[in-house]
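K.L.:
Next come a sequence and a model predicted from it.
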Number of protein chains: 2
Amino acid sequence: MNQKSTREIERKFLIKRLPAKLTRAKQYRIFQGYLATEPDERHVRLRKKGKNVSLTFKRVRGYVRDEREVALTAKQFAALWPGTAGRRLQKTRYEIPWKSLSIEIDVYRGKNRGLVVAEVEFPNHTACRKFEPPDWFGREVTGVRRYSNIRLATE
Amino acid sequence: MNQKSTREIERKFLIKRLPAKLTRAKQYRIFQGYLATEPDERHVRLRKKGKNVSLTFKRVRGYVRDEREVALTAKQFAALWPGTAGRRLQKTRYEIPWKSLSIEIDVYRGKNRGLVVAEVEFPNHTACRKFEPPDWFGREVTGVRRYSNIRLATE
């Protein structure tokens, strides 16, 4: 059983151009949907990433997230997934190593086609503050609601 | 794996006195908490009923509910349960057969101690409308937010 409970420290950016090494990156198709969301960014999400399905509880407060994720069986996922109708999105995620960090690039599909967003997760607040974005990064959109996955899924 | 997806048709009542046969009824200790709730009564609930743990997605629209419930493993439950802190309730549930129906009596504990509520589930809308409450039933509180489990858990 794959389970984790973490506080994530993340920054999110639009990107100016896709890096050349994207084609060599690990990639996954992701389908996700929201069972319930609260305006203060507490939510319950279902996700299919490659062959793995999971349920995640998240509370977001600025840069910091409380996250609880449990792997689901295919049957559990199938029973709950219809509850996300109308609140779904799909994207392809590329994982690119960057210095000691990992950059996740999400290329959205379906209704959000054309949007590409990079997320970087940090081990602590200092690393988060000191991060120097690569030159192919564009505007930072950390905390910008327009680019939250919930908004992208429901609007 | 115990899974169900149902539309429940229910009515809820306060009760004037506990029926004598309560002591012979099946009973369960229930602990439940809410991971996320939306004002229009869409929510994700965790529940421990006796030894069984489950996660339930519900959408409530008046008398009718869309409900998706999956049994969880003890590990899945333990990973998610802390996310319900501050949004929990506990009660003892008694199940009493009544004509062709089953009456569930919830005797609340903890911060809602003193509250006793009866719920009756019906096979269809006609049975729901024609139901004649036993004389130990009090005021009907179907749809009254004050007595929703979410309100009882969070206030």
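P.N.:
All right, it came through fine. Everything numeric in this text was worked out from a predicted model, so none of it was measured. Numbering: from 1, shown residues only, chains lettered A, B, ... in the order given.
K.L.:
hmm, stretch A:29-46 in reach of chain B?
P.N.:
Yes: in terms of C-beta under 8 Å from any C-beta of the partner chain, part of stretch A:29-46 sits within range of chain B, namely A:35, A:36, A:37, A:38, A:42, A:43, A:44. (Glycine included, C-beta is placed from N, CA and C.)
K.L.:
Which of those fall in strands?
P.N.:
When DSSP state E defines the strands, the subset of the residues of stretch A:29-46 next to chain B inside them is A:35, A:36, A:37, A:38, A:42, A:43, A:44.
K.L.:
dump the residue contacts of the second one.
P.N.:
Translated: residue A:36. A:43, A:44, B:35, B:36, B:37, B:38, B:42, B:43, B:44, B:57 (C-beta atoms under 8 Å, 6 or more residues apart in numbering or on different chains).
K.L.:
Make JSON lines from those and add pLDDT to it.
P.N.:
As requested, the contacts of residue A:36 are arranged in JSON lines below (pLDDT from 0 to 100):
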{"residue": "A:43", "pLDDT": "94"}
{"residue": "A:44", "pLDDT": "97"}
{"residue": "B:35", "pLDDT": "96"}
{"residue": "B:36", "pLDDT": "95"}
{"residue": "B:37", "pLDDT": "92"}
{"residue": "B:38", "pLDDT": "90"}
{"residue": "B:42", "pLDDT": "90"}
{"residue": "B:43", "pLDDT": "94"}
{"residue": "B:44", "pLDDT": "97"}
{"residue": "B:57", "pLDDT": "96"}
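K.L.:
of all the residues you listed, which comes closest to residue A:100?
P.N.:
residue A:43 (29.8 Å; C-beta to C-beta).
K.L.:
my read: the closest one touches residue A:34, true?
P.N.:
Yes: judged on C-beta atoms under 8 Å, residue A:43 makes contact with residue A:34 at a distance of 5.7 Å.
K.L.:
shared neighbours of the two, which are they?
P.N.:
Common contact partners of residue A:43 and residue A:34 (C-beta under 8 Å, 6+ apart): residue A:150.
K.L.:
ok, and the closest non-adjacent residue to residue A:133?
P.N.:
Excluding its sequence neighbours, the residue lying closest to residue A:133 (C-beta to C-beta, 6 or more residues apart in numbering or on different chains) is residue A:13, at 6.2 Å.
K.L.:
Could you pick out the residues of chain A near chain B for me?
P.N.:
A:1, A:3, A:5, A:35-38, A:42-44, A:55, A:57, A:59, A:66, A:68-70, A:72-73, A:75-76, A:79-80, A:82-83.
K.L.:
Which ones among those residues lie within strands?
P.N.:
Of the positions in the residues of chain A next to chain B, A:3, A:5, A:35-38, A:42-44, A:55, A:57, A:59, A:66, A:68-70 sit in strands, assigned by DSSP E.
K.L.:
So how do I select the buried members of these in PyMOL?
P.N.:
Remark: buried members of those, expressed as a PyMOL selection using 16 or more other C-beta atoms under 10 Å in any protein chain shown:
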select buried, chain A and resi 35+36+37+38+42+43+44+55+57+59+66+68+69+70
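K.L.:
Report the two of the ones in strands among the residues of chain A next to chain B separated the most.
P.N.:
Pairwise distances across these (C-beta to C-beta) peak at 22.8 Å, for the pair A:3 and A:38.
K.L.:
so where do the helices sit in chain A?
P.N.:
Secondary structure of chain A by DSSP state H: the helices cover A:74-80, A:125-130, A:149-154.
K.L.:
Relative to chain B, how far out is the closest residue to residue A:97 other than its chain neighbours?
P.N.:
The shortest distance from residue A:97 to any non-neighbouring residue, by C-beta to C-beta, 6+ apart, is to residue A:103 (7.8 Å). Distance of residue A:103 to chain B, computed by C-beta to the nearest C-beta, to the nearest Å: 27 Å.
K.L.:
ditto for residue A:29
P.N.:
With C-beta to the nearest C-beta as the criterion, residue A:29 and chain B are 24 Å apart.
K.L.:
what residues are up against the nearest residue to that residue once chain neighbours are set aside?
P.N.:
Nearest non-adjacent residue to residue A:29, counting by C-beta to C-beta, 6+ apart: residue A:92, 5.8 Å away. Contacts here follow C-beta under 8 Å, 6+ apart; on that basis residue A:92 touches A:27, A:28, A:29, A:30, A:106, A:107, A:109.
K.L.:
what number of residues lie near the closest residue to residue A:60 other than its chain neighbours?
P.N.:
Nearest non-adjacent residue to residue A:60, counting by C-beta to C-beta, 6+ apart: residue A:41, 3.7 Å away. Counted with other C-beta atoms under 10 Å in any protein chain shown, residues neighbouring residue A:41 total 17.
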